[in-house]
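Peer 1: pasting the structure only:
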């Protein structure tokens, strides 16, 4: 290695180490300070918990019922955490944080390679400190892992396009196929559909069809299938019903119909992006404008920025076109937006009057004032239980936003971008840590407290039932399958393909068992209890209760 290469490698390694430490501490701070949220986090812990308990890592099951909505890779990773560390919220949330960190480092590496070191550093910081990305870095759902894999895949492809033919180019492009396969194993066909759509559109716009001959398609597809295909083949062989449910219903019908009741209007993701990318959304419009080619002929000179804009834009359009929308779906659009903003701010770094910069800080201050006002007015406009429990945190949020944005605005006006950028980062970090500290005060419908009280009372042979609903976190905290009475929900398909009547039952069958010799505990809502407590035929012995639920037994507990 010559001296120039050493000079390049040393700051690269130093940057990676510093970013890894700082972002890991940021993402990991108080990561286990709240119970599992319901239903998503509890669901994505219970499935791997059952894998560990049964030793069956092929067929996902939720409360003992076949559950084919998603592939198995993330379940396997969570199962590894459970085997190594047990059932603790902090270690269960380890993988989303690791994937979020990986996404930030990928953005830094690609930004550095394509736009320069400063752009890479700024882009990684922008991504890590945006509201939605930070929030999903501590949520046990699939959107962060699949976003990280898609990010690594598309950036591997883009960097590969910068390499001359040879081993490095081949490794980057093979990495593209590997990460696409891992994305498919995480959340299904979007792992290949989204990259294919973006790369295809990019090639068409550039008019460079020769690219298809240089991306190692035969060996790459073989590598992709080697990773993505085996689990799908094995699970279909073990469960013939898997193919129709997983591919037809959960991919095509879910995307094209309102079957899951998640329909939202076409503009749904616009506020999600603006708020989710805050505070950096203040510079989004300027960053996109800065990256656009002035004329159609100049598009080849902006090919990298064009790739990033297609990436973000097509992800937005793809999920906007779907009849099933949830806020986290848009997360894969955030890494390319962070890179565009990082590039814009890096170019403007030494200037006070760079085009659009002052406007960005005006937008930032206005948005911060609006958000602060919303926090202060929320207890009066929407006096819900969750809003009320935030208490003094609402004032803390408002002060942090107003002071931070005001300071950044003043520094940008009188001192330049560098100190104002630091002020924005500090404001965002402090605000997000405050939100994280306040999170346990917000009711997430967790049944943890009742489960912790109930668990020591259980003796071998005792059963626990969830009546008229399914408390997703109850089997997690009890570490056992439960009886579910009068509810099917997302488990309905699994109950149709095999006999689950011993624990997925209707009320009539349950009440017969309730009268039997075994001790049964039942958890239900207080309103349901009030409706049944005056029935003289039912023996109901209260054990414990919280604000909305109650634990009952079919015999007195001493």
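Peer 2: Structure's in. What do you need? Because the structure is predicted, anything quoted here is derived from the model rather than measured.
Peer 1: Okay, strands next: where are they in this protein?
Peer 2: For the chain, the strands defined by DSSP state E occupy 61-62, 65-66, 463-467, 483-485, 504-505, 520-525, 541-545, 549-553.
Peer 1: Please name every helix or strand in contact with the first one.
Peer 2: Contacts of strand 61-62 with other secondary structure elements, assessed using 3 or more Cβ pairs under 8 Å, 6 or more residues apart in numbering; DSSP states H and E, are made with helix 40-54. Where you see a C-beta, it was placed from the backbone N, CA and C, and this is true even at glycine.
Peer 1: Check which residues of the helix it packs on are buried.
Peer 2: Within helix 40-54, the residues that qualify as buried are 40-52, counting by 16 or more other Cβ atoms under 10 Å.
Peer 1: so which of the strands of the chain comes closest to residue 292?
Peer 2: strand 61-62 (46.4 Å; Cβ to Cβ).
Peer 1: Which parts of the stretch 201-350 of the chain are helices?
Peer 2: Ranges of helices in the stretch 201-350 of the chain, per DSSP state H, counting those that start in this stretch, are 217-238, 242-243, 254-256, 269-276, 284-291, 303-321, 334-347.
Peer 1: just to revisit the earlier point, quick one: which of the buried residues of helix 40-54 is nearest residue 337?
Peer 2: Ranked by distance to residue 337 (Cβ to Cβ), those are led by residue 40 at 24.2 Å.
Peer 1: Distance check, the closest residue to the closest one other than its chain neighbours against residue 60.
Peer 2: Once its chain neighbours are removed from consideration, residue 40 has its nearest residue in residue 141; the separation is 4.9 Å (Cβ to Cβ, 6 or more residues apart in numbering). Going from residue 141 to residue 60 by Cβ to Cβ, to the nearest Å gives 15 Å.
Peer 1: These two - which one has more neighbours?
Peer 2: residue 60 (22 against 19; other Cβ atoms under 10 Å).
Peer 1: OK, contacts around the more buried one?
Peer 2: For residue 60, the contact set (Cβ atoms under 8 Å, 6 or more residues apart in numbering) comprises 47, 51, 66, 67, 68, 70, 72, 75.
Peer 1: do that again at 6 Å, thanks
Peer 2: Residues in contact with residue 60, defined by Cβ atoms under 6 Å, 6 or more residues apart in numbering, are 47, 67, 72, 75.
Peer 1: rewinding a little: if you compare the strands of the chain, which one is most tucked away?
Peer 2: Most buried of the strands of the chain, by mean neighbour count (mean count of other Cβ atoms under 10 Å): strand 483-485, with a mean of 24.
Peer 1: Low-confidence ranges, the protein, go.
Peer 2: Residue ranges of the chain with pLDDT under 70: 1-10, 255-263, 381-389, 443-444.
Peer 1: Map the structural domains onto the sequence of it.
Peer 2: Each domain of the chain is listed here as a residue range: 10-31+93-347, 357-441, 448-553, per automatic domain parsing.
Peer 1: Any chance of those domains in TSV with distance to residue 83 as columns?
Peer 2: Listed next are these as TSV, based on distance: least, Cβ to Cβ, whole Å:
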stretch	distance to residue 83
domain 10-31+93-347	13
domain 357-441	27
domain 448-553	13
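Peer 1: so which of those domains comes closest to residue 82?
Peer 2: Within the domains of the chain, the stretch nearest residue 82 is domain 448-553; the backing value is 10.0 Å (Cβ to Cβ).
Peer 1: And the closest one, end to end?
Peer 2: Across its full length, domain 448-553 reaches 18 Å end to end, with Cα to Cα, to the nearest Å as the criterion.
Peer 1: re the thing from before, any idea which of the strands of the chain gets closest to residue 302?
Peer 2: Closest approach to residue 302 among those is made by strand 61-62 (47.0 Å; Cβ to Cβ).
Peer 1: and the closest one, which strands flank it?
Peer 2: Applying DSSP bridges to the sheet, strand 61-62 is found paired with strand 65-66 (antiparallel).
Peer 1: Pick the most buried one from the helices of the stretch 201-350 of the chain.
Peer 2: helix 334-347 (a mean of 27).
Peer 1: Which other helices and strands does that helix contact?
Peer 2: helix 94-115, helix 117-128, helix 284-291, helix 303-321 (3 or more Cβ pairs under 6 Å, 6 or more residues apart in numbering; DSSP states H and E).
Peer 1: export those helices to CSV and tack on distance to residue 235?
Peer 2: Formatted as CSV, the entries for the helices and strands packed on helix 334-347 read as follows, by distance: least, Cβ to Cβ, whole Å:
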stretch, distance to residue 235
helix 94-115, 21
helix 117-128, 34
helix 284-291, 41
helix 303-321, 26
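Peer 1: among these, which is nearest residue 202?
Peer 2: Residue 202 lies closest, by Cβ to Cβ, to one member of the helices and strands packed on helix 334-347: helix 303-321, at 5.2 Å.
Peer 1: Report the distance from the closest one to the chain centre.
Peer 2: 19 Å (Cα atoms, centre = their mean, to the nearest Å).
Peer 1: And that helix, what does it pack against?
Peer 2: Helices and strands touching helix 303-321, as assessed by 3+ Cβ pairs under 6 Å, 6+ apart, comprise helix 190-206, helix 334-347.
Peer 1: Quick one: residues in contact with it.
Peer 2: Helix 303-321 has contacts (Cβ under 6 Å, 6+ apart) with 114, 158, 197-198, 201-202, 266, 269, 291, 299, 329, 332-333, 336-337, 339-340.
Peer 1: Apply 7 Å and report the result again.
Peer 2: Residues outside helix 303-321 that contact it (Cβ atoms under 7 Å, 6 or more residues apart in numbering): 114, 154, 158, 194, 197-198, 201-202, 205-206, 266, 269, 288, 291, 299, 325, 329-330, 332-333, 336-337, 339-340.
Peer 1: Same question for stretch 229-236.
Peer 2: Stretch 229-236 is touched from outside by 58, 59, 71, 72, 185, 242, 243, with contacts defined as Cβ under 7 Å, 6+ apart.
Peer 1: how many other residues sit next to the nearest residue to the third one once chain neighbours are set aside?
Peer 2: Nearest residue to residue 71, sequence neighbours excluded (Cβ to Cβ, 6+ apart): residue 185, at 4.8 Å. Neighbourhood size, residue 185 [other Cβ under 10 Å]: 24.
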